[in-house]
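Asks: build me a structure from this.
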Amino acid sequence: MLSIVKKLVIISFVGVISTTDGISKTIVSNGEPIEIEEKGFNLTPPNGWSVNFNYPSTTLLLEAPDRKSDKYRRTIQVLSFSESRYMDELSSEEFALYISKNFSQASAMIQDFEMRDKVPVELNSNLSGYLYYTSFKIDETELMQMHVLISSATRHFLVTYTDLAVFFDTDISSEVHLNEAWQVMSSIELDSPAPVRFSSARNLVVVFSLALLFGVGYWIIRSRRAASTYRKYADESDVEYDTSNHGSKVKTGLSSGIYGTIQESSLYETAIESNMDEDYGDDEDEYKHAG
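Replies: Got it, this is the predicted structure:
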């Protein structure tokens, strides 16, 4: 029964995307990185694993060595999509629905498919993504999957590890399988970072803010230059600059002109002298007699 499960799981789950034409090419990994240059993707399979480059509907299909002692032959498959994805909470929720819908319906033999967990994750190359755990049954055999969603600037990828559910436990006996799979996923590198949602809007805000700061700075500089120019003019023209109300006032006393310095008298004093001359004349005695 388990041999049937091995074959069924691989065929059903790689059928999520449309089939890619091509002749199957399989090699045995020597532990060196494998690069898919046309898709800007590379990872490092474990030594001794089979690497299939042209398996239908996959970018890569990795299979653990087929040992008779193993009840299930572990697989890691890489699915490639033609568009980029934002690596944020909104995209992670959308892809959780995608995984649940497509993987649960991949075969009529799949039962009790469940999304167990979803967490943000960072791989060894500082690549951000999302990690999902799912579980299901085939012929009462309990299996689990670990999915990693990542994206470049042009494509996004779903990397899926499938194994018996018992090897997803946290005890020491299960760590060999799970750690080996995680090392493969952590080795993934992409040719460009994922896009950032609303990055264009943020760029516009930054540009507008810089333009506003430049405008304010330019206005301040112009204002200071204008004040400096006016002070210089005031000093040369004998005008006193009043910084308290940004106005000016003419100095009293001497007035300079083309005819030299003229002593200016008070307007009040001039008015009194004019009135005295008009009322009493110039004779002091006459003034006293009138008194």
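
Asks: bridging residues for Leu164?
Replies: Going by DSSP bridges, Leu164 is paired in beta bridges with Leu143.

Asks: the closest residue to Ala165 other than its chain neighbours: neighbour count?
Replies: Among residues not flanking Ala165 along the chain, Glu142 sits closest, at 4.0 Å (C-beta to C-beta, 6 or more residues apart in numbering). Every C-beta, even on glycine, is put in place using the N, C-alpha and C of the backbone. Each residue near Glu142 was counted by other C-beta atoms under 10 Å, and the total is 13.

Asks: what does Met146 give?
Replies: 21.

Asks: looks like it contacts Thr160 (just checking).
Replies: Yes. Assessed by C-beta atoms under 8 Å, Met146 is found in contact with Thr160 at 7.2 Å.

Asks: what's the distance between the residue nearest to Ala165 and Ser29?
Replies: Distance, Glu142 to Ser29, by C-beta to C-beta, to the nearest Å: 28 Å.

Asks: swap in Val196?
Replies: In terms of C-beta to C-beta, Val196 sits 34 Å off from Ser29.

Asks: where does this structure dip in pLDDT?
Replies: Flagging of the chain using pLDDT under 70 yields the residue ranges 1-24, 170-174, 198-212, 214-219, 226-227, 229-291.

Asks: now tell me what touches the longest strand along it from outside.
Replies: Secondary structure assigned by DSSP state E gives strand 110-122 as the longest strand of the chain. With C-beta atoms under 8 Å, 6 or more residues apart in numbering as the test, strand 110-122 has contacts from 12, 92, 96, 99-100, 103-104, 128-138, 144, 148.

Asks: neighbouring strands of it in the sheet, and parallel or not?
Replies: strand 128-138 (antiparallel).

Asks: contacting residues for Ser91?
Replies: 85, 130, 149.

Asks: give the bridge partners for the second one, please.
Replies: Beta-bridge pairing of Tyr130 under DSSP bridges involves Pro120, Leu149.

Asks: what sits against it?
Replies: Contacts of Tyr130 (C-beta under 8 Å, 6+ apart): 87, 91-92, 95, 118-121, 148-149.

Asks: now those residues: which count as buried?
Replies: For those, a neighbour count by 16 or more other C-beta atoms under 10 Å gives the buried set as 87, 91-92, 95, 118, 121, 148-149.

Asks: can you list the domains in this protein?
Replies: The chain breaks down by automatic domain parsing into domains covering 2-190, 198-240, 252-291.

Asks: mind checking the SS state of Met146?
Replies: Three-state call for Met146 (DSSP: H, G, I helix; E, B strand; the rest coil): strand.

Asks: I meant to write Ser228 there.
Replies: Ser228 - assigned by three-state DSSP - is helix.

Asks: against Ser80, how distant is it?
Replies: For Ser228 relative to Ser80 (C-beta to C-beta), the value is 65 Å.

Asks: so between these two, which is more surrounded?
Replies: Legend: neighbour count by other C-beta under 10 Å for Ser228 and Ser80, higher for Ser80 (20 against 10).

Asks: please name the nearest non-neighbouring residue to that one.
Replies: With C-beta to C-beta, 6+ apart, the residue lying closest to Ser80 is Thr59, at 4.2 Å.

Asks: neighbours of the one you found, how many?
Replies: So Thr59, with other C-beta under 10 Å, has 22 neighbours.

Asks: which residues sit in contact with it?
Replies: 36, 39, 41, 78-80, 157.

Asks: which of these sit farthest apart?
Replies: Ile36 and Leu79 (12.0 Å; C-beta to C-beta).

Asks: Phe53 against Lys25, yeah?
Replies: Yes. Between Phe53 and Lys25 there is a contact under C-beta under 8 Å: 4.6 Å.

Asks: neighbour-wise, which of these two wins?
Replies: Neighbours were counted for Phe53 and for Lys25 using other C-beta under 10 Å; Phe53 has more, 16 against 10.

Asks: any idea how far Phe41 is from that one?
Replies: Applying C-beta to C-beta, the value for Phe53 to Phe41 is 12 Å.
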